[in-house]
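A.B. asks: Turn this into a model:
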Amino acid sequence: APPPRLTGRALVVDDDDAVRGATRRLLQRLGVEAIEADGLHAALDAVQRHGPFTFSVIDVTMPHASGPEVAERLRRQTPALPVVFVSGYDESDALGGTALDGRTSFVHKPFSLAALERAVRQVLEAP
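C.D. replies: Coordinates of the predicted model:
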């Protein structure tokens, strides 16, 4: 049997409108409500207006604040927030010294629906 549909609410943070919108639509196809933010300040505002979030999908390279910086700020409000980082760069180049733990994963852009689903399930099912 196929795995159950995903549920919950995701915060999608990406400075590229097209990528952010496409990611939101993919998450909606998986059964997740998704809210978009174009950077750190919009993400923090979204948490105040729409939170809490089940998980977040965050672009690694953005102007003004990197993905890891955005994740760190979001986790000040929700310490166990699962995060899927996305980037067009290889994982080691994109994340530098940022360690991936059980509640953090990485997907290379462009990604498929299946790849995004695997990364989300990984962070949601981590102990």
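
A.B. asks: could you give the mean pLDDT of the helix or strand harbouring Ala114?
C.D. replies: Counting by DSSP states H and E, the element that carries Ala114 is helix 113-124. For helix 113-124, the mean pLDDT works out to 95.

A.B. asks: got it, and stretch 45-56?
C.D. replies: On average, stretch 45-56 scores 94.

A.B. asks: For that stretch, which residues meet the burial criterion?
C.D. replies: 46-47, 53-56 (16 or more other Cβ atoms under 10 Å). No exception for glycine: its C-beta is placed from N, CA and C like everyone else's.

A.B. asks: For Leu124, see how far away Arg118 is.
C.D. replies: Arg118 sits 11 Å away from Leu124, taking Cβ to Cβ, to the nearest Å as the criterion.

A.B. asks: Contacts for the helix holding Ala114 next, please.
C.D. replies: Residues outside helix 113-124 that contact it (Cβ atoms under 8 Å, 6 or more residues apart in numbering): 3, 6, 8, 10, 23, 26-27, 29-30, 32, 54-55, 57, 82-84, 102-108, 111.

A.B. asks: just the buried members of those residues?
C.D. replies: So, by 16+ other Cβ under 10 Å, the buried ones in these are 6, 8, 10, 23, 26-27, 30, 32, 54-55, 57, 82-84, 103-107, 111.

A.B. asks: what sits against the residue nearest the centre of the chain?
C.D. replies: Nearest to the geometric centre of the chain sits Val57, at 0.9 Å (Cα atoms, centre = their mean). By Cβ under 8 Å, 6+ apart, Val57 lies in contact with 10-14, 23, 27, 83-84, 86, 116, 120.

A.B. asks: is it fair to say it lies in a helix?
C.D. replies: No - using DSSP: H, G, I helix; E, B strand; the rest coil, the assignment for Val57 is strand, not a helix.

A.B. asks: Around Asp101, count how many other residues there are.
C.D. replies: Number of residues near Asp101 (other Cβ atoms under 10 Å) recorded here: 10.

A.B. asks: Narrow the contacts of Val57 to those in helices?
C.D. replies: Of the positions in the contacts of Val57, 23, 27, 116, 120 sit in helices, assigned by DSSP state H.

A.B. asks: And the pLDDT for Gly96?
C.D. replies: The model reports Gly96 with a pLDDT of 66.
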